[in-house]
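Chemist: Attaching a predicted model along with its sequence, questions to come.
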Amino acid sequence: MGSFIEIEALEHSYQAADGAGRKALGGVSLSIGRGEFVAVLGANGSGKSTLARHLNGLLLPSSGHVRVEGMDTRELAERGELWQVRSKVGMVFQNPDNQLIAAMVEDDVAFGPENLGVEPLEIRRRVKESLEAVGMTRFRKRAPHLLSGGQKQRVAIAGALAMETDCLVLDEPTAMLDPQGRKEVLEVVKRLHRERGLTVILITHFMEEAMEAQRVVVMDKGCSVMEGTPREVFARGEELKALGLEVPLAGELAARLRQAGVPLPKEAILTVEELLQGLQALRGKAHVH
Amino acid sequence: MSIELKNVSYTYMPDTPMERQALMGVTMTLERGRFYAIAGHTGSGKSTLIQQICGLLTPTSGEVVVEGVPLKAKSKEGKKQAALAKRKIGLVFQYPEQQLFEETVAADVAFGPRNQGLTEEEIARRVQKALALVDLDYEAYGGKSPFQLSGGQKRRAAIAGVLAMEPEYLILDEPTAGLDPKGREAILELINTLQKGGKGKEPMTIIMVSHAMDDILRLADEMFVMQEGRLTASGAPAEVFERWDVLSEAGLEPPKLLLLMERLREAGLAERGPVRNLKEAVQAVKRGLGKC
């Protein structure tokens, strides 16, 4: 079997206060391979967080299917066996202050395995290893509320690792962090993907973060509207901007230069290097004429 | 007309084991009608600083003077004057939407003015005006629950609550944090419009705490760099951002636009000179190309 998570024609409606349904997902199909790093990009209200909550059964489909290693979340829920998905897919949320509960960092990381009734010695091993993996060993005896935002998010990631999850779903994990914290968290996520082969699904509206993924899925109004490698997706600058998303700065400057009549080559320009090359080629021509 | 901080220091929990000096000898002048930005790493004293400016905290030493009125006053008359002076300053906290609590957007915006004991007529006028300023249609949104709004709309409703107090100085602590690009742009647009004034409106003084260096470069007239409780640099953003040593000391990175321009200049593809936004960047590149 190729895919790790299989999403098929997924629809989700929330019940509004007046009883009317509001459709947050309108038929999303997507498959995510084992060990893949996928970024889901979209403006607020595009349905990306709703999608994330389906990946470990926090929400169940109004129609369609979500299967994790072939297990259908709705069927598992009916049998009261959602824990099977939860042990495979760990979640990290946006607000670093809402997801740590214990008085000490290592107790917080131990919370999940303790609840599953894992042996104490095994718990100790997992806590140690998880904290090492996110570079937080030094802080294991600290109170979580005294940590920075980036450190709190790393502890939250360690909590998911201690459950020995195969997959990490991160729902805008850096939205509330300062630039330093943002960098810390992204580094840890990239390393876990690279070194441990963890499947990563990163929900974000930061273009720079999506650039790090192997594949980018762009959501709008509850549907997946673009999909491809970061290069393929970010080459479609005008469409992204129309969806309220950012494009790389070098690409943006290239687009403005073209508008201002600078005849840059037709190929997509996304990086500083590509912009330099494009402009140098122009200068070369100017010398010839 | 200005707010002046004179050698302001502040210590949290003095004479306890938790004692921590958060501000050390900060002196700055904030003139009417200008756009100021405060940058600094988390824990550098930015939030303590803005609470000093609006009189929520009282300096351990030094003083804050708002348009000639010292905020720390002993006499009864002095205190009265200080209270009136503080009303000229509005503060929008980080994630202000977390403090929305009324049943409707209009009631939430009306909370401040009502607390000031204004007439119902005046309150209604202020609410309509404030919602118009933040581009939330009164008819469409006034009667809605704040919780029915999108993230960006909630934040604008919260800002309207501060604007309804009609401040002359508006302090915003990371007003775009946590918003998507569209929401961020809408908030910055709003702040810029408030500062520009026009259409019979007085220009508002803006004091914005931000981690987004590109926004500071693009919008601010003057910026302050905070590091470990001290003010380590101030001046026009284009000049401050030239001082990479000060920036890296403070744990800040230069704006991405300036990094990009530097690369282009090194390759001889852009003209030297200050660049604040993409429009100016295009001009600098065109002139750079024209020379060869």
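Modeler: Yes, it's here.
Chemist: give me phi/psi at residue 89?
Modeler: The chain I'm using is chain A. Backbone torsions of A:Val89, given as degrees, to the nearest 10, read phi -120, psi 120.
Chemist: try again with chain B
Modeler: Backbone torsions for B:Ile89, taken as degrees, to the nearest 10, come to phi -110, psi 130.
Chemist: So for it, what pLDDT did the model give?
Modeler: In this model, B:Ile89 is scored at 97, pLDDT.
Chemist: Tell me, how many residues neighbour it?
Modeler: 24 (other CB atoms under 10 Å in any protein chain shown). All C-beta atoms are positioned from the backbone trio N, CA, C, and that covers glycine.
Chemist: any low-confidence regions in the stretch 1-150 of chain A?
Modeler: A:1-2, A:17-19 (pLDDT under 70).
Chemist: before we move on, what about chain B?
Modeler: In chain B, residues with pLDDT under 70: B:291-292.
Chemist: Would you mind listing what in it touches chain A?
Modeler: B:41-43, B:95, B:150-152, B:177-183, B:211, B:251, B:253, B:256-257, B:260, B:263-264, B:267-269, B:278-279, B:281-282, B:285-286, B:289, B:292 (CB under 8 Å from any CB of the partner chain).
Chemist: of those residues, buried ones?
Modeler: Buried members of the residues of chain B next to chain A, counted by 16 or more other CB atoms under 10 Å in any protein chain shown: B:41-43, B:95, B:151-152, B:177-183, B:211, B:251, B:253, B:256-257, B:260, B:263-264, B:269, B:278, B:281-282, B:285, B:289.
Chemist: Contacts only, for the closest residue in space to A:Leu264 that isn't next to it in sequence.
Modeler: Leaving out its chain neighbours, the residue that sits closest to A:Leu264 by CB to CB, 6 or more residues apart in numbering or on different chains is A:Gly278, at 4.6 Å. For A:Gly278, the contact set (CB atoms under 8 Å, 6 or more residues apart in numbering or on different chains) comprises A:254, A:264-265, A:267, A:269.
Chemist: Quick one, grab the pLDDT at A:Gly278.
Modeler: The model reports A:Gly278 with a pLDDT of 93.
Chemist: Show me what the helix or strand encompassing B:Asp108 is packed against.
Modeler: Here B:Asp108, judged by DSSP states H and E, is contained in helix B:105-115. For helix B:105-115, the packing partners by 3 or more CB pairs under 8 Å, 6 or more residues apart in numbering or on different chains; DSSP states H and E come out as helix B:120-133, helix B:151-163.
Chemist: Send me the helix or strand that the longest one is followed by as CSV with only the CA atoms.
Modeler: Right, helix B:120-133. Using DSSP H and E, the next helix or strand after helix B:120-133 towards the C-terminus is helix B:138-141. In CSV, the C-alpha atoms belonging to helix B:138-141 read as follows (Å, rounded to 0.1, in the frame of the first residue of the first chain):
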residue,chain,number,x,y,z
TYR,B,138,-22.4,48.8,11.3
GLU,B,139,-25.6,47.5,9.8
ALA,B,140,-24.1,44.1,8.9
TYR,B,141,-21.9,43.5,12.0
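Chemist: residues making contact with helix B:138-141?
Modeler: So helix B:138-141 is contacted by B:105-106, B:127-128, B:131-132, B:149, B:153, B:157 (CB under 8 Å, 6+ apart).
Chemist: quick revisit: which of the three states applies to the residue nearest to A:Leu264?
Modeler: helix (DSSP: H, G, I helix; E, B strand; the rest coil).
Chemist: Please work out the residue of the stretch 151-292 of chain B nearest to chain A and name it.
Modeler: B:Lys182 (3.4 Å; CB to the nearest CB).
Chemist: Please look at that residue and A:Glu246 and confirm they touch.
Modeler: No: using CB atoms under 8 Å, B:Lys182 makes no contact with A:Glu246, being 9.6 Å away.
Chemist: Ignoring the adjacent residues along the chain, who's closest to residue 58?
Modeler: Just so you know, I chose chain A. Nearest non-adjacent residue to A:Leu58 (CB to CB, 6+ apart): A:Met91, at 7.2 Å.
Chemist: that answer is for a different chain, and I need it for chain B
Modeler: B:Lys72 (5.7 Å).
Chemist: what's the helix or strand hosting A:Glu129 packed up against?
Modeler: With elements taken from DSSP H and E, the one containing A:Glu129 is helix A:120-133. Helices and strands touching helix A:120-133, by 3+ CB pairs under 8 Å, 6+ apart, are helix A:105-115, helix A:149-161, helix A:179-196.
Chemist: Going by distance to chain A, which of the contacts of helix B:138-141 wins?
Modeler: The closest of these, once distances to chain A are taken by CB to the nearest CB, is B:Gln153, at 9.6 Å.
Chemist: in a helix, that's where B:Pro17 is, yeah?
Modeler: No: assigned with three-state DSSP, B:Pro17 falls outside any helix and is coil.
Chemist: Contacts only, for it.
Modeler: Contacts of B:Pro17 (CB under 8 Å, 6+ apart): none.
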